[in-house]
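Novice: Fold the stuff below for me.
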Amino acid sequence: MKKTIWRWAFLTLLLVLYTFCKFKEILSVNALSVLAVVMALYILTFPFEEKIYCLFMFIPFYLYVYIKGFAFYNVIVIFVFFEYILRMKKISITSVIMVIIMLACELFWQIYNHQSIFNYIIKWLLAVFVSINLMTNKEIKLDKCFASYVFVLGVALMGTFTIVQYGSFNVDGTLREKYAGGLGTLDQNTFSLYCLLGFIVGMNLILNKDERIKTFVNKPVFFVSLVVLSVICAVGGALMVSKTYFLVLVFWAILLVITNLHKPQKAITYTLVLCVGLVLIFALPQTRELVNSVLRRFIESSNISELTTGRFDILKKYGVALIENPLNLFIGAGLFTYNLYFNIDMISVNTGQPLIAHNMTLEMICGYGILGFCLLFFIYYRIFRKRTHVKHFTNRNRFIPLIIFVIFSQSIAIYREDITHFVLLLLLLVATPRILRKEDDIVCKN
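Specialist: Residues are numbered from 1 along each chain as shown. Next comes the predicted model:
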């Protein structure tokens, strides 16, 4: 285990060095690419399971670290893909069928709408294939605590640089639009989602002692660092001044208390801690101003369109478009082309094309129709049931991060992002019950 910690400490150092040099514009693009190649070669020496953990750590950096014009995250996915193919004797039939059907659908609608983004579709389908196989293969033994920790670490690293970039807690709309999230590589809401998940996944380990027993996280130095990293995640997300972020954060606090009502002592403790935290937030001028900035975004909204930042209008227009096209309501119009097919009269400033649905459920229905959405829901539900043993439901807290993701995703369209499939993999892993064995003195297996 000590070797593992030192190995990850060096990888973290390399990632911090890359981010610092790019953030401060110290190195040229070629020099940064060389540094990224060094990271890639170093990760290549990692055991198979630790390569999978890298998928979690680099989630917030997936559009930030590049080797020339090639995303570094794709390199890790390719490493995992080939090692999986070489090591494992079985491939999930479900993943193969999903990839074939999705590829056929996307190619058809690409041709129909005279579009060509074939390279990204291949990358996206590779993420679908790898994630589904990792979800369904029980031979792969992953340490859910370590996976959670490195994810929180990755988000906190990006959060730290974001805090430095923003410079203070006095964030207004201008600053929010200027910097966005993920050091300018991510949409504010998407980055705030990763920050919120980082905070909640970290809190899941902090508040649930049963999740930490006989793991490295239970050691004082790692426990304290997890607390600090989780707080950084929360602050980084708050700087995005996202209304969804704060609403879902409040919902998480309420959900945390509700799911522990059967344990009065825990419920009371959590309530007191949350109250103390709320008092501290309003006691500090900086954090109070940050909260006031968010409240102003609510108060200054004169109608539901402004309150939802146009999402209600998008939802309404796509709803009308689907009703007017019954066949497409049933089979969709391609995940990457539905906005072109339905051609709603709301244009993206960045692309000049019709806006996509800012709702993951609507996005999936527009892409694959009611039929495709139901099939995908059934597949993920079956995997969830098999991996989490939901019948027993002994620890409700481990399901909270997944619930939060589903709720937050109703305000953004992220199923078309290849990274989302590995976020789902992580949250499924977090929801998986631990199986402790006598010989497991430091790691936790699921």
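
Novice: which helix is the longest one in this structure?
Specialist: When the chain is scanned for its longest helix (criterion: DSSP state H), the result is helix 360-388.

Novice: C-terminal to that one, what's the next element?
Specialist: helix 400-408 (DSSP states H and E).

Novice: the inter-axis angle of the following helix or strand past that next one versus helix 360-388?
Specialist: Moving toward the C-terminus from helix 400-408, the next helix or strand (DSSP H and E) is helix 420-431. Here the directions of helix 420-431 and helix 360-388 differ by 40 degrees (axes from the mean of the first three to the mean of the last three CA atoms, to 10 degrees).

Novice: Contacts for helix 420-431 next, please.
Specialist: For helix 420-431, contacts defined as CB atoms under 8 Å, 6 or more residues apart in numbering pick out 55-56, 59, 127-128, 130-132, 134-135, 142, 144, 147-148, 151, 194, 197, 201, 204, 380, 383-384, 387-388, 398-399, 401-402, 405, 414, 446. From N, CA and C alone the C-beta is placed, and that goes for glycine too.

Novice: so how far is it from its chain's centroid?
Specialist: 8 Å (CA atoms, centre = their mean, to the nearest Å).

Novice: Let's see that helix as PDB, backbone CA atoms only.
Specialist: Provided in PDB are the C-alpha atoms of helix 420-431 (Å, rounded to 0.1, in the frame of the first residue of the first chain):
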ATOM      1  CA  THR A 420     -20.200  11.000 -18.200                       C
ATOM      2  CA  HIS A 421     -20.000   7.300 -18.600                       C
ATOM      3  CA  PHE A 422     -17.000   7.200 -16.200                       C
ATOM      4  CA  VAL A 423     -18.800   9.400 -13.800                       C
ATOM      5  CA  LEU A 424     -21.600   6.900 -13.800                       C
ATOM      6  CA  LEU A 425     -19.000   4.100 -13.200                       C
ATOM      7  CA  LEU A 426     -17.600   5.900 -10.200                       C
ATOM      8  CA  LEU A 427     -21.100   6.600  -8.700                       C
ATOM      9  CA  LEU A 428     -22.000   3.000  -9.200                       C
ATOM     10  CA  LEU A 429     -18.800   1.900  -7.400                       C
ATOM     11  CA  VAL A 430     -19.600   4.300  -4.500                       C
ATOM     12  CA  ALA A 431     -23.100   2.800  -4.200                       C
END
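
Novice: which of the residues in that helix are buried?
Specialist: The neighbour-count check on helix 420-431 (16 or more other CB atoms under 10 Å) flags 420-431 as buried.

Novice: List just the nearest of the residues you listed to Gln165.
Specialist: Val423 (23.3 Å; CB to CB).

Novice: buried set for stretch 88-107?
Specialist: Going by 16+ other CB under 10 Å, stretch 88-107 has these buried residues: 92, 95, 98-99, 102-103, 105-106.

Novice: quick one, strands of the protein?
Specialist: Counting by DSSP state E, the chain has strands at residues 66-67, 70-71.

Novice: Go through the ones you listed and pick out the most buried.
Specialist: Burial of the strands of the chain is given as mean neighbour count (mean count of other CB atoms under 10 Å); strand 66-67 ranks first at a mean of 18.

Novice: For it, give the mean pLDDT please.
Specialist: Computed over strand 66-67, the mean pLDDT rounds to 96.

Novice: Can you list the strands that that strand pairs with?
Specialist: Sheet pairing of strand 66-67 (DSSP bridges) gives strand 70-71 (antiparallel).

Novice: residue contacts, Leu371?
Specialist: 330-332.

Novice: Can you tell me how far Thr102 is from Met364?
Specialist: No Thr there; residue 102 is Met. 11 Å (CB to CB, to the nearest Å).

Novice: who touches both of those two?
Specialist: Going by CB under 8 Å, 6+ apart, residues that sit against Met102 and also against Met364 are Leu335.

Novice: re earlier: pull out the buried members of the contacts of Leu371.
Specialist: 331-332.

Novice: quick one: which of the contacts of Leu371 is nearest Leu229?
Specialist: Gly332 (39.6 Å).

Novice: pLDDT below threshold where in this protein?
Specialist: Flagging of the chain using pLDDT under 70 yields the residue ranges 1-3, 168-176, 389-395, 434-446.

Novice: In the stretch 101-250 of the chain, mark out all the helices, start to finish.
Specialist: 118-136, 144-166, 173-179, 188-207, 209-212, 220-238, 243-258 (DSSP state H, counting those that start in this stretch).

Novice: how about those helices, which one is nearest Ile76?
Specialist: Going by CB to CB, the one of these nearest Ile76 is helix 118-136, 10.1 Å.

Novice: which residues are in contact with the closest one?
Specialist: 52, 74, 77-78, 80-81, 84, 88, 91-92, 94-96, 98-99, 102-103, 106-107, 110, 140, 336, 379, 383, 386-387, 416, 418-419, 421-422, 424-425, 428.

Novice: Buried residues, that helix. List them.
Specialist: 121, 123-136.

Novice: Which one of those is nearest to Ser225?
Specialist: Closest to Ser225, out of all of these and judged by CB to CB, is Leu134, at 26.7 Å.

Novice: how much space between the closest one and Leu15?
Specialist: 22 Å.

Novice: go on, Leu153?
Specialist: 9 Å.

Novice: Can you pull the residues that touch both of those two?
Specialist: Met57.

Novice: hang on, Phe161 packs against Leu183?
Specialist: Yes - in this structure Phe161 lies within contact range of Leu183 using CB atoms under 8 Å: 5.9 Å.

Novice: and for those two, which residues touch both?
Specialist: Contacts common to Phe161 and Leu183, judged by CB under 8 Å, 6+ apart, are 19, 23.

Novice: if we can go back for a sec, could the strands of the chain go into JSON lines alongside distance to Leu249?
Specialist: Listed next are the strands of the chain as JSON lines, based on distance: least, CB to CB, whole Å:
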{"stretch": "strand 66-67", "distance to Leu249": "32"}
{"stretch": "strand 70-71", "distance to Leu249": "30"}
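
Novice: Minimum distance to Ile43: which of those strands has it?
Specialist: strand 66-67 (12.3 Å).

Novice: who touches that closest one?
Specialist: 32-33, 36-37, 40, 72, 75.

Novice: Any of the residues you listed buried? List them.
Specialist: 32-33, 36, 40, 72, 75.
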